[in-house]
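In: prediction below, plus the sequence it came from.
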Amino acid sequence: SQQGEEDPQALSIQEGENATMNCSYKTSINNLQWYRQNSGRGLVHLILIRSNEREKHSGRLRVTLDTSKKSSSLLITASRAADTASYFCATGTGNQFYFGTGTSLTVIP
Amino acid sequence: ETGVTQTPRHLVMGMTNKKSLKCEQHLGHNAMYWYKQSAKKPLELMFVYSLEERVENNSVPSRFSPECPNSSHLFLHLHTLQPEDSALYLCASSQAWGAEGKETQYFGPGTRLLVL
(Lines give C-alpha, C1' and ligand atoms only; values in the text may rest on other atoms or scores of the structure.)
Protein backbone atom coordinates (compact mmCIF):
# COMPACT_ATOMS: atom_id res chain seq x y z
CA SER A 1 0.00 0.00 0.00
CA GLN A 2 1.18 3.51 -0.72
CA GLN A 3 -0.93 5.03 2.02
CA GLY A 4 0.83 7.46 4.25
CA GLU A 5 1.12 6.65 7.91
CA GLU A 6 1.14 9.51 10.34
CA ASP A 7 3.06 9.48 13.59
CA PRO A 8 2.19 9.97 16.37
CA GLN A 9 -1.43 8.86 16.26
CA ALA A 10 -2.26 11.38 18.97
CA LEU A 11 -0.47 14.45 20.29
CA SER A 12 -1.38 16.75 23.17
CA ILE A 13 0.46 20.02 23.77
CA GLN A 14 0.04 23.32 25.57
CA GLU A 15 -1.00 26.41 23.69
CA GLY A 16 2.03 28.26 22.40
CA GLU A 17 4.14 25.13 21.97
CA ASN A 18 5.16 23.73 18.61
CA ALA A 19 3.55 20.59 17.23
CA THR A 20 5.35 18.21 14.92
CA MET A 21 3.75 15.31 13.14
CA ASN A 22 5.29 12.93 10.67
CA CYS A 23 4.16 11.02 7.63
CA SER A 24 5.85 8.01 6.09
CA TYR A 25 4.96 6.36 2.82
CA LYS A 26 6.10 3.32 0.92
CA THR A 27 6.51 4.07 -2.77
CA SER A 28 7.73 6.96 -4.89
CA ILE A 29 5.45 9.96 -5.08
CA ASN A 30 5.08 13.07 -7.18
CA ASN A 31 3.35 15.25 -4.61
CA LEU A 32 2.42 15.21 -0.97
CA GLN A 33 -0.34 17.24 0.64
CA TRP A 34 -1.37 17.91 4.21
CA TYR A 35 -4.99 18.31 5.25
CA ARG A 36 -6.73 19.22 8.50
CA GLN A 37 -10.04 17.86 9.73
CA ASN A 38 -11.98 19.35 12.58
CA SER A 39 -14.10 16.87 14.50
CA GLY A 40 -16.88 15.42 12.35
CA ARG A 41 -16.22 17.80 9.45
CA GLY A 42 -14.68 17.60 6.02
CA LEU A 43 -10.97 17.89 5.34
CA VAL A 44 -9.37 21.21 4.53
CA HIS A 45 -6.26 21.50 2.39
CA LEU A 46 -3.27 23.06 4.15
CA ILE A 47 -0.25 22.79 1.91
CA LEU A 48 1.22 20.88 -1.03
CA ILE A 49 4.86 19.99 -1.47
CA ARG A 50 6.24 18.56 -4.69
CA SER A 51 8.73 15.71 -4.83
CA ASN A 52 11.51 18.06 -5.96
CA GLU A 53 10.97 20.40 -3.02
CA ARG A 54 12.47 19.93 0.43
CA GLU A 55 10.65 22.54 2.48
CA LYS A 56 7.65 24.83 2.26
CA HIS A 57 6.15 27.40 4.55
CA SER A 58 2.66 28.76 4.89
CA GLY A 59 2.02 31.05 7.82
CA ARG A 60 2.69 29.03 10.99
CA LEU A 61 3.04 25.81 9.00
CA ARG A 62 6.33 24.34 7.87
CA VAL A 63 6.42 21.17 5.81
CA THR A 64 9.51 19.18 4.95
CA LEU A 65 9.89 16.31 2.53
CA ASP A 66 12.68 13.74 2.46
CA THR A 67 12.15 11.51 -0.56
CA SER A 68 15.17 9.37 0.31
CA LYS A 69 13.52 8.44 3.60
CA LYS A 70 10.01 8.55 2.13
CA SER A 71 8.85 10.81 4.89
CA SER A 72 7.40 14.24 5.47
CA SER A 73 6.85 16.33 8.57
CA LEU A 74 4.38 19.06 9.41
CA LEU A 75 5.39 21.62 12.01
CA ILE A 76 2.84 23.98 13.49
CA THR A 77 4.53 26.76 15.41
CA ALA A 78 3.04 28.72 18.31
CA SER A 79 0.02 26.45 18.46
CA ARG A 80 -3.43 27.72 19.32
CA ALA A 81 -6.50 25.99 20.73
CA ALA A 82 -8.10 26.39 17.30
CA ASP A 83 -5.40 24.12 15.86
CA THR A 84 -7.04 21.19 17.66
CA ALA A 85 -7.94 18.81 14.83
CA SER A 86 -6.78 15.70 12.99
CA TYR A 87 -4.05 16.12 10.43
CA PHE A 88 -3.64 13.88 7.40
CA CYS A 89 -0.98 13.51 4.79
CA ALA A 90 -1.99 12.50 1.30
CA THR A 91 0.42 11.11 -1.26
CA GLY A 92 -0.10 11.25 -4.99
CA THR A 93 1.38 9.57 -7.99
CA GLY A 94 -0.17 9.14 -11.40
CA ASN A 95 -3.91 9.05 -10.93
CA GLN A 96 -3.75 7.68 -7.41
CA PHE A 97 -4.14 9.67 -4.25
CA TYR A 98 -3.94 8.12 -0.78
CA PHE A 99 -4.68 9.47 2.68
CA GLY A 100 -3.17 8.17 5.89
CA THR A 101 -4.84 7.47 9.21
CA GLY A 102 -4.08 10.89 10.64
CA THR A 103 -2.60 12.47 13.76
CA SER A 104 -5.06 13.76 16.32
CA LEU A 105 -3.72 17.01 17.78
CA THR A 106 -5.10 18.52 20.97
CA VAL A 107 -3.92 22.00 21.96
CA ILE A 108 -4.69 22.74 25.60
CA PRO A 109 -5.48 26.41 26.33
CA GLU B 1 -16.77 24.40 3.20
CA THR B 2 -19.60 26.19 1.45
CA GLY B 3 -18.02 25.22 -1.88
CA VAL B 4 -19.09 21.59 -1.44
CA THR B 5 -22.35 20.76 0.30
CA GLN B 6 -23.68 17.40 1.42
CA THR B 7 -27.12 16.31 2.51
CA PRO B 8 -28.25 14.91 4.78
CA ARG B 9 -25.68 15.60 7.48
CA HIS B 10 -26.90 12.67 9.57
CA LEU B 11 -28.72 9.52 8.51
CA VAL B 12 -29.96 6.51 10.43
CA MET B 13 -31.23 3.62 8.37
CA GLY B 14 -32.17 0.01 8.75
CA MET B 15 -30.51 -2.73 6.75
CA THR B 16 -33.50 -3.04 4.44
CA ASN B 17 -33.87 0.66 3.70
CA LYS B 18 -32.92 2.50 0.55
CA LYS B 19 -31.53 5.98 0.89
CA SER B 20 -29.40 8.40 -1.10
CA LEU B 21 -26.64 10.79 -0.17
CA LYS B 22 -26.33 13.99 -2.16
CA CYS B 23 -23.30 16.11 -2.88
CA GLU B 24 -23.19 19.40 -4.75
CA GLN B 25 -20.15 21.46 -5.64
CA HIS B 26 -20.26 25.13 -6.56
CA LEU B 27 -16.64 25.42 -7.62
CA GLY B 28 -16.84 24.57 -11.31
CA HIS B 29 -14.69 21.49 -10.80
CA ASN B 30 -14.52 18.56 -13.19
CA ALA B 31 -13.81 15.73 -10.74
CA MET B 32 -15.86 14.49 -7.81
CA TYR B 33 -15.12 11.82 -5.23
CA TRP B 34 -16.82 9.69 -2.61
CA TYR B 35 -14.78 8.67 0.45
CA LYS B 36 -15.64 6.50 3.44
CA GLN B 37 -14.09 7.42 6.78
CA SER B 38 -14.25 4.85 9.56
CA ALA B 39 -12.65 5.18 12.97
CA LYS B 40 -8.95 4.26 13.10
CA LYS B 41 -8.79 3.60 9.36
CA PRO B 42 -7.35 5.61 6.49
CA LEU B 43 -9.77 7.50 4.34
CA GLU B 44 -11.06 5.00 1.76
CA LEU B 45 -11.61 6.26 -1.76
CA MET B 46 -14.81 4.69 -3.08
CA PHE B 47 -15.58 6.31 -6.42
CA VAL B 48 -14.18 8.99 -8.70
CA TYR B 49 -16.02 10.78 -11.47
CA SER B 50 -14.19 12.88 -14.01
CA LEU B 51 -16.26 14.89 -16.47
CA GLU B 52 -19.30 12.90 -15.34
CA GLU B 53 -17.71 9.54 -16.16
CA ARG B 54 -16.75 7.06 -13.48
CA VAL B 55 -13.00 6.56 -13.58
CA GLU B 56 -12.36 4.76 -10.30
CA ASN B 57 -14.32 2.08 -8.50
CA ASN B 58 -12.19 0.67 -5.73
CA SER B 59 -13.80 -2.71 -5.08
CA VAL B 60 -16.81 -1.18 -3.44
CA PRO B 61 -19.74 -3.54 -2.70
CA SER B 62 -22.66 -3.22 -5.08
CA ARG B 63 -24.92 -2.08 -2.25
CA PHE B 64 -23.28 1.33 -2.88
CA SER B 65 -24.29 2.79 -6.22
CA PRO B 66 -22.95 6.18 -7.35
CA GLU B 67 -24.59 8.53 -9.82
CA CYS B 68 -23.23 11.67 -11.40
CA PRO B 69 -25.96 13.35 -13.45
CA ASN B 70 -23.84 16.45 -14.16
CA SER B 71 -20.51 17.92 -13.16
CA SER B 72 -21.99 19.68 -10.12
CA HIS B 73 -23.90 16.84 -8.52
CA LEU B 74 -22.95 13.46 -7.16
CA PHE B 75 -25.16 10.92 -5.46
CA LEU B 76 -24.48 7.77 -3.51
CA HIS B 77 -27.44 5.41 -3.49
CA LEU B 78 -27.54 3.01 -0.58
CA HIS B 79 -29.49 -0.24 -0.27
CA THR B 80 -29.38 -3.27 2.01
CA LEU B 81 -26.44 -1.88 3.96
CA GLN B 82 -24.68 -3.66 6.80
CA PRO B 83 -23.87 -2.28 10.26
CA GLU B 84 -20.17 -2.16 9.29
CA ASP B 85 -21.09 0.40 6.65
CA SER B 86 -21.71 2.91 9.42
CA ALA B 87 -19.19 5.69 8.87
CA LEU B 88 -18.70 9.29 7.80
CA TYR B 89 -19.16 9.58 4.04
CA LEU B 90 -17.28 12.46 2.53
CA CYS B 91 -17.69 14.00 -0.87
CA ALA B 92 -14.88 15.99 -2.47
CA SER B 93 -14.19 17.76 -5.72
CA SER B 94 -11.12 18.97 -7.55
CA GLN B 95 -10.42 20.93 -10.68
CA ALA B 96 -9.23 17.80 -12.46
CA TRP B 97 -8.65 14.14 -11.73
CA GLY B 98 -5.26 12.54 -11.46
CA ALA B 99 -2.53 15.08 -12.17
CA GLU B 100 -0.14 13.10 -9.99
CA GLY B 101 -1.66 14.22 -6.74
CA LYS B 102 -1.14 17.94 -7.18
CA GLU B 103 -4.83 18.76 -7.37
CA THR B 104 -6.27 20.15 -4.17
CA GLN B 105 -9.41 18.36 -3.10
CA TYR B 106 -12.23 20.35 -1.54
CA PHE B 107 -14.34 18.39 0.89
CA GLY B 108 -17.92 18.66 2.01
CA PRO B 109 -18.83 18.36 5.70
CA GLY B 110 -19.81 14.71 5.32
CA THR B 111 -22.85 12.57 6.08
CA ARG B 112 -22.68 10.62 9.33
CA LEU B 113 -24.38 7.31 8.55
CA LEU B 114 -25.57 4.81 11.13
CA VAL B 115 -26.89 1.46 9.94
CA LEU B 116 -28.95 -0.43 12.47
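Out: That came through, no problem.

In: for the rest of this, base every contact and every neighbour count on C-alpha atoms.
Out: OK.

In: where's residue 91, which helix or strand?
Out: You didn't say which chain, so I picked chain A. Using DSSP states H and E, A:Thr91 sits in strand A:85-93.

In: actually, chain B is the one I wanted.
Out: Under the criterion of DSSP H and E, B:Cys91 resides in strand B:87-94.

In: same question for A:Val107.
Out: strand A:103-108.

In: could you do A:Glu53 as well?
Out: A:Glu53 belongs to no helix or strand when assigned by DSSP H and E.

In: how about A:Ile47?
Out: Per DSSP H and E, A:Ile47 falls inside strand A:43-50.

In: the following helix or strand past that strand close to chain B?
Out: Note on strand A:43-50: by DSSP H and E, the next helix or strand toward the C-terminus is strand A:55-58. No. Interface with chain B: strand A:55-58 contributes nothing (C-alpha under 8 Å from any C-alpha of the partner chain), its closest point being 14.6 Å away.

In: for strand A:55-58, list every residue counted as buried.
Out: By neighbour count with 16 or more other C-alpha atoms under 10 Å in any protein chain shown, strand A:55-58 contains no buried residues.

In: measure stretch B:30-47 end to end?
Out: Taking C-alpha to C-alpha, to the nearest Å, the first and last residues of stretch B:30-47 lie 14 Å apart.

In: same check, this time on stretch B:108-116
Out: Stretch B:108-116 has an end-to-end distance of 24 Å (C-alpha to C-alpha).

In: quick check: buried residues in that stretch?
Out: For stretch B:108-116, burial by neighbour count (16+ other C-alpha under 10 Å) applies to B:108-115.

In: so who does the nearest residue to B:Pro66 once chain neighbours are set aside touch?
Out: Leaving out its chain neighbours, the residue that sits closest to B:Pro66 by C-alpha to C-alpha, 6 or more residues apart in numbering or on different chains is B:Leu76, at 4.4 Å. With contact taken as C-alpha atoms under 8 Å, 6 or more residues apart in numbering or on different chains, B:Leu76 is in contact with B:20-22, B:34, B:64-67.

In: point me to the helix or strand that includes B:Leu76.
Out: If you go by DSSP H and E, B:Leu76 is part of strand B:73-79.

In: what does the strand holding B:Cys91 contact?
Out: A:40, A:42, B:4, B:6, B:23, B:25, B:29-39, B:103-114.

In: list the beta-bridge partners for the residue nearest the centre of chain B.
Out: For chain B, B:Trp34 is the residue whose C-alpha lies nearest the centre (C-alpha atoms, centre = their mean; 2.5 Å). Note on B:Trp34: beta-bridge partners by DSSP bridges are B:Phe47, B:Cys91.

In: which ones are touching it?
Out: B:Trp34 is in contact with B:45-48, B:76, B:89-92, counting by C-alpha under 8 Å, 6+ apart.

In: before we move on, what about B:Tyr49?
Out: Neighbouring residues of B:Tyr49 by C-alpha under 8 Å, 6+ apart: B:31-33, B:55-56, B:68.

In: now with 7 Å, please.
Out: The contact partners of B:Tyr49, taken as C-alpha atoms under 7 Å, 6 or more residues apart in numbering or on different chains, are B:31-33, B:55.

In: pairing partners for the helix or strand that comes right after the strand holding A:Thr91, with directions?
Out: Next helix or strand after strand A:85-93 toward the C-terminus (DSSP H and E): strand A:96-99. Sheet pairing of strand A:96-99 (DSSP bridges) gives strand A:85-93 (antiparallel).

In: nice, that's everything, thank you.
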